[in-house]
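Trainee: Structure for this input, please:
(one chain, ligands or ions: 1)
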Amino acid sequence: MKRRNFVLGTAAGGAGLAFPAIVTGQSQYRAEYKLSTVVGTAFPWGKGAEHWINLVREKTAGRINMKLYPGVSLVQGDQTREFSAVRQGIIDMAIGSTINWSPQIKELNLFSLPFLMPDFAAVDALTQGPVGKRMFELIDRAGAVPLAWGENGFRELTNSKREIRTPADMKGLKVRIAGSALFSETFTDLGANPTQMSWADAQPAFASGAVDGQENPMTVFTAAKLHTLGHKFCTVWGYVCDPLAFVVNREVWNSWTAADRDIVRASAIEAGKFEVDLARKGLTKSDDSVYKQVEGFGVKVTRPDAKERDQFVIATRRVYARWKAQTGKDLVDLAEQSIAKRKV
Ligand code: X2X
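Mentor: Residues are numbered from 1 along each chain as shown. From the prediction side, this is the model:
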């Protein structure tokens, strides 16, 4: 099928008119679509984005050309504004963490409830089950088109000061957290001194010693080389895991043909699976090579025993109960049931 494409000088309607538009059949296509992520292609998250871009470009024969804008640069690094920017059309599509979008969609806080998800099977039971479906309805209602799930990962605690085995070890520790009230309450109840800042601001704060610790997946730790910023202690406690959602701005979505929408959705699902595999690589029982790699960098990796871990769970029960109510009791009940029924 050969179509005649007309490149226009300016695009009619919509935000971000810096690029010429291509008219394909009846639909109007832009020369470029802006894809936002927090981190770039050194990280599974950015690699997943790259994979999505390549699949879509190939399968649409170049009709849909997405360009990666890592560092949430389209919103000046303020990751908490990413979802609003997708809704407004400042960003055309994004792969975003549930943490960063929870200020706009409160139900996404579910994934940040401490110690809700014990393992990867539990994460899958949520994203691939009725909870994930409900979350997509909520994202849709909030104004963006949800397509697929990816994963940032289980967030482990690292710091430059001391080994942490129990909440008592966290007393007074200055911990950088992303902009989320739930995280703030969790770390306060654990006895730490949490401070909210963007990922962009966090790294200089580690380097200068203004902040002692942080929590992020180990793939983020290694790609960002946090051991070179003084982080010598790592506690594997798996307290929360943040999935990533692939979404497209609604107007952009509606501007494409049905066949192209199918391609973009199927490619997001494929890229999501690819990304989840990468995000989990080296972090499983059968292959824990990422932890070995980190130990090779001189980091002490601590795995609290069951009793020690329970102390973290107990210390965060009140936060859990408070935020279960705020997130929606029925939805959290559904999540707890989905996890209880999972196949491990
Ligand atoms: O800011 C973080 O900690 C990060 C990179 O994990 C997120 O975007 C949630």
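Trainee: Does Val145 touch Arg250 like I think?
Mentor: Yes. Counting by C-beta atoms under 8 Å, Val145 sits close enough to Arg250 to count as a contact (5.6 Å). (Glycine included, C-beta is placed from N, CA and C.)
Trainee: where does the residue nearest to Leu147 when sequence neighbours are not counted land on pLDDT?
Mentor: Spatial nearest neighbour of Leu147, chain neighbours left out: Ala268 (3.9 Å); criterion: C-beta to C-beta, 6 or more residues apart in numbering. Note on Ala268: pLDDT of 99.
Trainee: is it true that Ala268 touches Phe246?
Mentor: Yes. Between Ala268 and Phe246 there is a contact under C-beta under 8 Å: 4.1 Å.
Trainee: middle-most residue in the chain, spatially?
Mentor: In the chain, the residue lying closest to the centroid (C-alpha atoms, centre = their mean) is Ser97, at 2.4 Å.
Trainee: Tell me the spacing between Tyr291 and Tyr239.
Mentor: With distances taken as C-beta to C-beta, to the nearest Å, Tyr291 is found 17 Å from Tyr239.
Trainee: Please confirm that Ile95 is located within a strand.
Mentor: Yes. Assessed with DSSP: H, G, I helix; E, B strand; the rest coil, Ile95 lies in a strand.
Trainee: Quick one: residues contacting it.
Mentor: Residues near Ile95 by C-beta atoms under 8 Å, 6 or more residues apart in numbering: 35-37, 45, 48-49, 52, 150, 244-247, 275.
Trainee: Just the ones of those residues in helices?
Mentor: Residues of the contacts of Ile95 located in helices (DSSP state H): 45, 48-49, 52, 275.
Trainee: on that earlier part again, between Tyr291 and Tyr239, which is the more surrounded one?
Mentor: More neighbours surround Tyr239 than the other of Tyr291 and Tyr239, with 22 against 18 (other C-beta atoms under 10 Å).
Trainee: Using the three-state scheme, assign the more buried one.
Mentor: Assignment for Tyr239 (three-state DSSP): coil.
Trainee: Setting the sequence-adjacent residues aside, check what's closest to it.
Mentor: Nearest one to Tyr239, counting by C-beta to C-beta, 6+ apart, is Pro114 at 5.0 Å.
Trainee: pLDDT score for that neighbour?
Mentor: The per-residue confidence score, pLDDT, reads 98 for Pro114.
Trainee: which secondary structure element contains it?
Mentor: Using DSSP states H and E, Pro114 maps to neither a helix nor a strand.
Trainee: Can you check which strand is longest in this protein?
Mentor: strand 144-154 (DSSP state E).
Trainee: Is that one positioned near the ligand?
Mentor: Yes. Residues of strand 144-154 are located near the ligand by C-beta under 6 Å from any ligand atom, namely Asn152.
Trainee: Thanks a lot, catch you later.
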